[in-house]
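> need a 3D model of the sequence below.
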Amino acid sequence: MTAEPHASHGLDELCEAGSALYARALREGRVPREDAGQAPCLLDSELLYPEVEAPHWLRPTSPAVALPRIRETIHGRIAAELRREGRLAARFQLLAEITPGRLPAPAPSSVTTLNGLPEINEAITKALAASSREALAVQPGGARLPEALAQSLANAQGLLSRGGRMRTLYQHTTRHSLPVLAYYEQLKGDTEVRTLDEVTERLFVFDRTVAFIPASKDRTQALEVRHPALVDYFTATFWRLWRMATPMYPQTAPQPAENGITTRQHAIAGLLVEGLTDAEIATRLGMNIRTARVHIAKLAATLGSNSRAQLGYLIGQSGILDRPQQDLRSLA
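Below is the predicted model:
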């Protein structure tokens, strides 16, 4: 019987055959090249790559390296769609001006640019105050200022009092932030917090009808998004990350160490192999550079490394990046 042809799909949509073969490669360390015929997407996305000395064998890319690449693809696609919608809106605005008497009044834009922190904060506060069902938030970075937390307390409690729920994703460094823990202890209602080593840029989604994302690196510009397809996409991205995250509140799940290497050090090992500097690692993981260097030093001591170059080699030889930290089905 002839096997069905492999359907083309994006990097962030692991097919059933690809997920099974990738999981097998992670368990066994490598798979024969001919087996990739059933899932060519793994080669196209570089989740499998040929051995240098034996190209008829394929080795798996570590999930710790593959996941940031998948996230980058998702973010790029979102940005491209927003730019495309902006160009379309501008073009139709010009067309509307040609025959203003024959066309109905233009509908409100589904993507609005917000300029300056006061305007951004006001729009988010209004959206939260108008919500009654759900507030989803991704908050990168470690510490949160107590003043900022205090300002949002009343609106957050208002949503919970209306029967809504709150779900928030932070980075693992927030697990040691007393102001954040104190903030959630004050809230009464359906509230949960989880953490990951790396999260997306800041994201808010309210009642699955409006989302807010940064539009500039310094966060002085933001986009208010009301396009249903984009809001659904942001919501799906949030829940995909949520399933991979570690509970922090109301019940704290421990972050286990394996062979003396903690979850945090595992994430740092993956970034070291990518070639990132200490400062870049600190930024990606939401910690200060001093803390990042302490973790790197502990990782080096555990692996018996005497230099940065040797540390990268020992990470590769140890196989710690070949052990998946999450169920592969969460990527599908």
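> would you map the strands across the stretch 51-200 of the chain?
Residue ranges of the strands in the stretch 51-200 of the chain, as given by DSSP state E, counting those that start in this stretch, are 57-60, 111-115, 134-139, 165-171, 190-196.
> in TSV, list the ones you listed along with mean neighbour count and distance to Gln221.
The way it works is simple: take the backbone N, C-alpha and C, and place the C-beta from them, glycine included. TSV is the format used below for the strands of the stretch 51-200 of the chain (neighbours: other CB atoms under 10 Å; distance: least, CB to CB, whole Å):
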stretch	mean neighbour count	distance to Gln221
strand 57-60	20	39
strand 111-115	15	6
strand 134-139	20	18
strand 165-171	21	22
strand 190-196	20	25
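> for those, give me CSV that also has mean pLDDT and distance to Gly270.
Formatted as CSV, these follow (pLDDT from 0 to 100; distance: least, CB to CB, whole Å):
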stretch, mean pLDDT, distance to Gly270
strand 57-60, 88, 14
strand 111-115, 91, 34
strand 134-139, 92, 20
strand 165-171, 91, 15
strand 190-196, 90, 13
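> quick one: the top helix by length along the chain to strand 111-115, angle?
Looking across the chain with DSSP state H, the single longest helix is helix 63-98. Interaxial angle of helix 63-98 relative to strand 111-115 (axes from the mean of the first three to the mean of the last three CA atoms, to 10 degrees): 100 degrees.
> looking at the strands of the stretch 51-200 of the chain, which is closest to Arg77?
Nearest to Arg77, of all those, is strand 111-115, at 15.2 Å by CB to CB.
> return the list of helices and strands in contact with the closest one.
Using 3 or more CB pairs under 8 Å, 6 or more residues apart in numbering; DSSP states H and E, the elements in contact with strand 111-115 are helix 63-98, strand 221-225.
> quick one: strands adjacent to it?
strand 221-225 (antiparallel) (DSSP bridges).
> contact partners of the helix or strand that the strand it pairs with is followed by?
Heading C-terminal from strand 221-225, the first helix or strand you meet, by DSSP states H and E, is helix 228-244. Contact partners of helix 228-244, identified using CB atoms under 8 Å, 6 or more residues apart in numbering, comprise 74, 78, 81-82, 110-111, 136, 138, 167, 169, 194, 196, 199-200, 203, 205, 208-211, 213, 225, 326, 330.
> buried ones in helix 228-244?
230-231, 233-235, 237-238, 240-242, 244 (16 or more other CB atoms under 10 Å).
> tell me the mean pLDDT for it?
Here helix 228-244 scores 90 as its mean pLDDT.
> send me the following helix or strand past it as CSV with only the CA atoms.
Note on helix 228-244: by DSSP H and E, the next helix or strand toward the C-terminus is strand 246-249. Extracted C-alpha coordinates of strand 246-249, given in CSV (Å, rounded to 0.1, in the frame of the first residue of the first chain):
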residue,chain,number,x,y,z
THR,A,246,5.6,25.5,35.7
PRO,A,247,2.9,26.4,38.3
MET,A,248,3.9,29.2,40.7
TYR,A,249,0.6,30.4,42.3
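> which among the helices and strands packed on strand 111-115 is found nearest to Leu285?
It's helix 63-98; of those, that one is closest to Leu285 (CB to CB) at 11.1 Å.
> so for the closest one, what gets flagged as buried?
Quick answer for helix 63-98 (16+ other CB under 10 Å): 63-68, 70-71, 74, 78, 82, 85.
> farthest-separated two in the residues you listed?
Ala64 and Glu85 (33.7 Å).
> distance to Leu159 and pLDDT added to the buried residues of helix 63-98, as a markdown table?
Formatted as a markdown table, these follow (distance: CB to CB, whole Å; pLDDT from 0 to 100):
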| residue | distance to Leu159 | pLDDT |
| --- | --- | --- |
| Pro63 | 35 | 80 |
| Ala64 | 35 | 75 |
| Val65 | 38 | 77 |
| Ala66 | 36 | 77 |
| Leu67 | 31 | 77 |
| Pro68 | 32 | 76 |
| Ile70 | 31 | 76 |
| Arg71 | 28 | 74 |
| Ile74 | 27 | 76 |
| Ile78 | 25 | 78 |
| Leu82 | 27 | 76 |
| Glu85 | 29 | 77 |
